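Novice: the following block contains a protein sequence and its predicted model.
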Amino acid sequence: MPRSTSGEPAAFTADDYRARMARAAESAAEAGLAGVLVAPGPDLVYLTGYRPTAITERLTVLVIAPGQDPVLVVPTLEAPDAEKAPGAAALSIRDWTDGKDPYAVTAPLLDVDGRFGVSDNAWAMHLLGLQQTLPGTSYVSLTEALPMLRAVKDEHELARIAAAGAAADQAYGEILKVRFAGRKETEVAADLAALLLGSGHSQVDFTVVGSGPNGANPHHEAGDRTIEHGDMVVLDFGGLKHGYGSDTTRTVHVGEPTDEERRVHDLVREAQQAGFEAVRAGAACQDVDRAARKVIADAGYGEYFIHRTGHGIGVTTHEPPYMIEGETRPIVPGMCFSIEPGIYLPGRFGVRIEDIVTLTATGRGRRFNDTSREMAIVE
């Protein structure tokens, strides 16, 4: 990964963003779209490097269409910031002032009878405004039309995800040294957040600490429950480093576990390994889910594995592709996704183990998390 003199990864260049927008235009044409309309959010960051400081009711939209240069429509008061964006040299900026109709400014850039992909987080009021101005147009979400827009990472993106994963691993190694028993979940979560920031994360997205029966809720938010000796504790945490996501889960135990707790943990570990071994050239996304789920179902715990096996990761911690039954899309080199099977026994405890994985050019899987998947005993 190219690095600056400070040791940080070198910033993506205007040429990088130009190539991304060109691929988006090509993908749009292949999908039968007249173009894509990108609102502020992860797609805009990925395509241009622009992250508006103020996301308001004012229209900001990137218009990418085959055969024409990309144009970013912005409010006049935000144009100076847009002009400083890393990808600004690869596009044109068209601004509009308060009191003017932003949809009239945008309309000439669009095919009056075209079908457009729209980023999922676009405001409904803006989509309706465009429809009113151009009643012949139609729209589809980018997740539906171009789900793989950001899915396949280049070598520089992979290096950033690897660095984020290593930093999360570092945080996990340190959290094992703190005391759990007698402390609230929120206190351990605060420790985790501080460790992520200390490892170089610029942003902490989540720190799930699910102790005892709370661990049976996959998305439990750390609460005021006091962690007790004998608790199983699910730790799921991640955020952004160098603009790319980390996300890992390990399940620890306060003191010695029971035979059943150890058996369930071993089963989830076996399922996670089976999912990883299913990552290979020619496999479909659903094959990873099937491999992990089969281990758990065959052991009689199928009804307690209540979510998909994985999700994509990149400039956000959740994005396509998804490792779930029915997703027949092939896994290709450069895709990055989680493998995180779990067993959740209501009112008792839960276990989840998660790594971020990619398919390499050799046709084999590579993990971005290398901490032990064995059950760790904490105090």
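Specialist: Perfect, I can see it now. Residues are numbered from 1 along each chain as shown.

Novice: what distance do you get for residue 28 to residue 114?
Specialist: According to CB to CB, to the nearest Å, residue 28 stands 10 Å off from residue 114. C-beta coordinates here come from the backbone N, C-alpha and C atoms, glycine included.

Novice: these two - which one has more neighbours?
Specialist: With other CB atoms under 10 Å as the criterion, residue 28 and residue 114 differ in neighbour count, and residue 28 comes out ahead with 23 against 15.

Novice: quick one, what contacts that one?
Specialist: Neighbour list for residue 28: 34, 35, 36, 64, 65, 66, 117, 145, 146 [criterion: CB atoms under 8 Å, 6 or more residues apart in numbering].

Novice: change it to 7 Å
Specialist: Listed by CB atoms under 7 Å, 6 or more residues apart in numbering, the contact set of residue 28 reads 35, 36, 64, 66, 117, 146.

Novice: list of residues touching stretch 116-134?
Specialist: Where contact means CB under 7 Å, 6+ apart, the residues beyond stretch 116-134 that reach it are 28, 33-39, 41, 43, 57, 59, 103-104, 106-107, 110, 112, 137, 139-143, 145-146.

Novice: list the buried ones in it?
Specialist: Under the neighbour-count criterion of 16 or more other CB atoms under 10 Å, stretch 116-134 has 116, 117, 118, 119, 122, 123, 126, 127, 129, 130, 133, 134 buried.

Novice: against residue 86, how distant is the fifth one?
Specialist: To residue 86, residue 122 is 22 Å away according to CB to CB.

Novice: same check, this time on the third one
Specialist: Residue 118 sits 23 Å away from residue 86 when distances are taken as CB to CB.

Novice: now swap in the first one and tell me
Specialist: For residue 116, the distance to residue 86 (CB to CB) stands at 25 Å.

Novice: figure out how far stretch 85-100 is from the centre of its chain.
Specialist: Stretch 85-100 has its C-alpha centroid displaced from the chain centroid by 27 Å (CA atoms, centre = their mean, to the nearest Å).

Novice: oh, and call the first residue 169 from now on, that's how I've got it
Specialist: Yep, numbering from 169; the last one is stretch 253-268 now.

Novice: any buried residues in that stretch, and which?
Specialist: So, applying 16+ other CB under 10 Å, buried residues of stretch 253-268: 253, 254, 255, 256, 258, 259, 261, 262, 263, 264.

Novice: before we move on, what about stretch 201-213?
Specialist: 201-213.

Novice: ok, which pair from the residues you listed is furthest apart?
Specialist: 202 and 213 (23.4 Å; CB to CB).

Novice: all helices of the stretch 369-518 of the chain, in order?
Specialist: Listed in chain order, the helices of the stretch 369-518 of the chain (DSSP state H, counting those that start in this stretch) span residues 427-445, 453-466.

Novice: pick the most deeply packed of those.
Specialist: The highest average neighbour count among those, using mean count of other CB atoms under 10 Å, belongs to helix 453-466 at a mean of 22.

Novice: show me the domain layout of the chain.
Specialist: 182-313, 323-546 (automatic domain parsing).

Novice: with distance to residue 176 and mean pLDDT added, can I get those domains in a markdown table?
Specialist: Shown next, in a markdown table, are the domains of the chain (distance: least, CB to CB, whole Å; pLDDT from 0 to 100):
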| stretch | distance to residue 176 | mean pLDDT |
| --- | --- | --- |
| domain 182-313 | 14 | 94 |
| domain 323-546 | 7 | 97 |
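
Novice: comparing these, which comes out most buried?
Specialist: The highest mean neighbour count among the domains of the chain, using mean count of other CB under 10 Å, belongs to domain 323-546: a mean of 20.

Novice: narrow the contacts of stretch 284-302 to those in helices?
Specialist: When DSSP state H defines the helices, the subset of the contacts of stretch 284-302 inside them is 196, 211, 271, 272, 274, 310, 311, 313.

Novice: can you pick out the most distant pair from the residues you listed?
Specialist: Distance extremes for those: the farthest pair is 272 and 311 at 28.4 Å, using CB to CB.

Novice: secondary structure element for residue 249, which one?
Specialist: If you go by DSSP states H and E, residue 249 is part of helix 247-251.

Novice: contacts for that helix?
Specialist: Under the contact criterion CB under 7 Å, 6+ apart, helix 247-251 has outside partners 218, 220, 221, 240, 242, 256, 261, 263.

Novice: who's in contact with the first one?
Specialist: Contacts here follow CB under 7 Å, 6+ apart; on that basis residue 218 touches 212, 250, 253, 255.

Novice: I'd guessed residue 356 sits against residue 379; true?
Specialist: No - contact between residue 356 and residue 379 fails when scored by CB atoms under 7 Å: they sit 8.3 Å apart.

Novice: which neighbours do the two have in common?
Specialist: Common contacts of residue 356 and residue 379, defined by CB under 7 Å, 6+ apart, comprise residue 395.

Novice: list the contacts of the residue positioned nearest the centre of the chain.
Specialist: Of all residues in the chain, the one closest to the mean position by CA atoms, centre = their mean is residue 485, 2.2 Å from it. Counting by CB under 7 Å, 6+ apart, residue 485 touches 373, 406, 413, 415.

Novice: for residue 398, state which of the contacts of residue 218 is nearest.
Specialist: Proximity of these to residue 398 (CB to CB) peaks at residue 212, which lies at 47.8 Å.
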